[in-house]
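*Asks:* generate a structure from the sequence data that follows.
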Amino acid sequence: MLTPRQERILRALVDAHVQTGLPVASRTIAADPELDCGPSTVRGELALLEEEGLLTHPHTSAGRVPTDAGRRYVVDRLLSSSTALEPVRALQLSLTRREVEDAMRATTETLSQVTSLLAVVSAPPLDAATIRHVEVLALQPQVVAVVIITSTGGVSKMLITFQAPVDPGLVNWAGQYLNERLAGLGLGARMVHGRLIDPALGERERSFVERLAPAFLQVPPDQAGSALYFDGASHLLAAGQVESIAEIHELMDLLEQRVALLRVLRTALAEPGVHVRIGTENELPALRSLTLVAAGYGLAQRRLGAVSVIGPVRMDYAGAIATVRQAAHELSRFVQDAYAGS
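*Replies:* Predicted coordinates for the structure are as follows:
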């Protein structure tokens, strides 16, 4: 456990290193008016912090730089502090009257602009929404498409092929019938099965609806997971943000594959507050030299996705934590309104 003076010195050193990216000298720390101690005292405390593994130095005569453990110590104090953290800049998200897809894009663009970091947002899974509208369309004489629009603007599609041409009148009837029976129910929910078939249906209509049933009962695997939205990759390509070309390629591959990054973001949903992983704390090799700051958003009883920023370990942690937290709060308000209006 560090003393209050050691904590102030560590925080001051981390802040100074964020600003310059250079090793921090003891005289720089001693100039902080809040410390009220001289360079010799600071040097002694820095030596103790280095023994604890919280600091290191490139060579004997150089100043100190924080280790991932040192940054973790500071971040843990930030997360547990009762003092409100200030966002990097005021985050003004205009999400009114948007569909979920538009809201995700607006969030990533704004978050990236405000923090100058890579912003990544996972959208709610399709099966978390309710059915708003159903279209049944005859694409060919024997091919029928079922298009389902959800309460959040998501779209699910399925093609069904029949052995014989389908009566256009039956197709039109099915669209009206399914909207009346299923509007407001959850896609893939158990209640859908009980509502699909009206006992009063004739054999012809019943048989046709049963062929369309999988579109409502089985969310396609490629649509069941959350979509990923990201913006600001160019920020990480700026000088000093990512250490090597190989790391840039690894990160770009990670963004393209998405599955692994989605798995990382899902772990953030299990934490009640802001999820921070610094450098070597990250399991994915592409993130080992970077920091991930993420927070879940969603409904009162269920988190639906995560808001995050990815940047260098030398980042403004207080600002990033506060900005991500605010973005998650705004998105939670948006999805609560979107789902309540379904």
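*Asks:* would you map out the domains in the protein?
*Replies:* 4-66, 100-124+226-340, 127-223 (automatic domain parsing).
*Asks:* can I get these in TSV with mean pLDDT and distance to residue 76?
*Replies:* (Glycine included, C-beta is placed from N, CA and C.) Below are these laid out as TSV (pLDDT from 0 to 100; distance: least, Cβ to Cβ, whole Å):
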stretch	mean pLDDT	distance to residue 76
domain 4-66	90	11
domain 100-124+226-340	85	9
domain 127-223	85	32
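*Asks:* so residue 230 lies in a strand, does it not?
*Replies:* Yes: the assignment for residue 230 by DSSP: H, G, I helix; E, B strand; the rest coil puts it in a strand.
*Asks:* want to throw the domains of the chain into CSV with mean neighbour count?
*Replies:* What follows is these, written out as CSV (neighbours: other Cβ atoms under 10 Å):
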stretch, mean neighbour count
domain 4-66, 16
domain 100-124+226-340, 19
domain 127-223, 16
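*Asks:* out of those, flag the one nearest residue 85.
*Replies:* domain 100-124+226-340 (3.7 Å; Cβ to Cβ).
*Asks:* for that closest one, what is the distance to the chain centroid?
*Replies:* Centre-to-centre, domain 100-124+226-340 and its host chain are 5 Å apart (Cα atoms, centre = their mean, to the nearest Å).
*Asks:* where exactly do the strands run in the stretch 201-342 of the chain?
*Replies:* Remark: strands assigned in the stretch 201-342 of the chain by DSSP state E, counting those that start in this stretch are 228-231, 274-278, 290-298, 303-312.
*Asks:* include distance to residue 47 when you put these into a markdown table, please.
*Replies:* Formatted as a markdown table, these follow (distance: least, Cβ to Cβ, whole Å):
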| stretch | distance to residue 47 |
| --- | --- |
| strand 228-231 | 42 |
| strand 274-278 | 23 |
| strand 290-298 | 26 |
| strand 303-312 | 26 |
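*Asks:* nearest approach to residue 99 belongs to which of those strands?
*Replies:* Comparing those by Cβ to Cβ, strand 228-231 comes nearest, at 12.8 Å.
*Asks:* which helices and strands does that closest one pack with?
*Replies:* On a contact count with 3 or more Cβ pairs under 8 Å, 6 or more residues apart in numbering; DSSP states H and E, strand 228-231 meets helix 100-115, strand 118-122.
*Asks:* would you turn those into TSV with distance to residue 33?
*Replies:* TSV is the format used below for those (distance: least, Cβ to Cβ, whole Å):
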stretch	distance to residue 33
helix 100-115	28
strand 118-122	35
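*Asks:* residue 41: which of the ones you listed is closest?
*Replies:* Going by Cβ to Cβ, the one of the helices and strands packed on strand 228-231 nearest residue 41 is helix 100-115, 35.3 Å.
*Asks:* list the helices and strands the closest one packs on?
*Replies:* Packed next to helix 100-115, using 3+ Cβ pairs under 8 Å, 6+ apart, are strand 118-122, strand 228-231, strand 303-312, helix 317-340.
*Asks:* show me the one of these that comes nearest residue 3.
*Replies:* The closest of these to residue 3 is helix 317-340. By Cβ to Cβ, the value is 21.3 Å.
*Asks:* taking strand 118-122 as reference, get the angle to the closest one.
*Replies:* Calculated by axes from the mean of the first three to the mean of the last three Cα atoms, to 10 degrees, helix 317-340 forms an angle of 30 degrees with strand 118-122.
*Asks:* could you export helix 317-340 as PDB, CA atoms only?
*Replies:* The C-alpha atoms that make up helix 317-340 are tabulated as PDB, following Å, rounded to 0.1, in the frame of the first residue of the first chain:
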ATOM      1  CA  TYR A 317      -7.100   7.800 -18.300                       C
ATOM      2  CA  ALA A 318      -9.200  10.100 -16.300                       C
ATOM      3  CA  GLY A 319     -10.600  11.800 -19.500                       C
ATOM      4  CA  ALA A 320     -11.000   8.500 -21.400                       C
ATOM      5  CA  ILE A 321     -12.900   6.800 -18.500                       C
ATOM      6  CA  ALA A 322     -15.200   9.800 -18.000                       C
ATOM      7  CA  THR A 323     -15.900  10.100 -21.700                       C
ATOM      8  CA  VAL A 324     -16.600   6.400 -22.200                       C
ATOM      9  CA  ARG A 325     -18.900   6.400 -19.200                       C
ATOM     10  CA  GLN A 326     -20.800   9.300 -20.500                       C
ATOM     11  CA  ALA A 327     -21.200   7.800 -24.000                       C
ATOM     12  CA  ALA A 328     -22.500   4.500 -22.400                       C
ATOM     13  CA  HIS A 329     -25.000   6.500 -20.300                       C
ATOM     14  CA  GLU A 330     -26.300   8.400 -23.400                       C
ATOM     15  CA  LEU A 331     -26.600   5.100 -25.400                       C
ATOM     16  CA  SER A 332     -28.500   3.500 -22.500                       C
ATOM     17  CA  ARG A 333     -31.000   6.300 -22.600                       C
ATOM     18  CA  PHE A 334     -31.400   5.900 -26.400                       C
ATOM     19  CA  VAL A 335     -32.000   2.100 -26.400                       C
ATOM     20  CA  GLN A 336     -34.400   2.400 -23.400                       C
ATOM     21  CA  ASP A 337     -36.500   4.800 -25.500                       C
ATOM     22  CA  ALA A 338     -36.100   2.700 -28.600                       C
ATOM     23  CA  TYR A 339     -37.200  -0.600 -26.900                       C
ATOM     24  CA  ALA A 340     -40.000   1.200 -25.000                       C
END
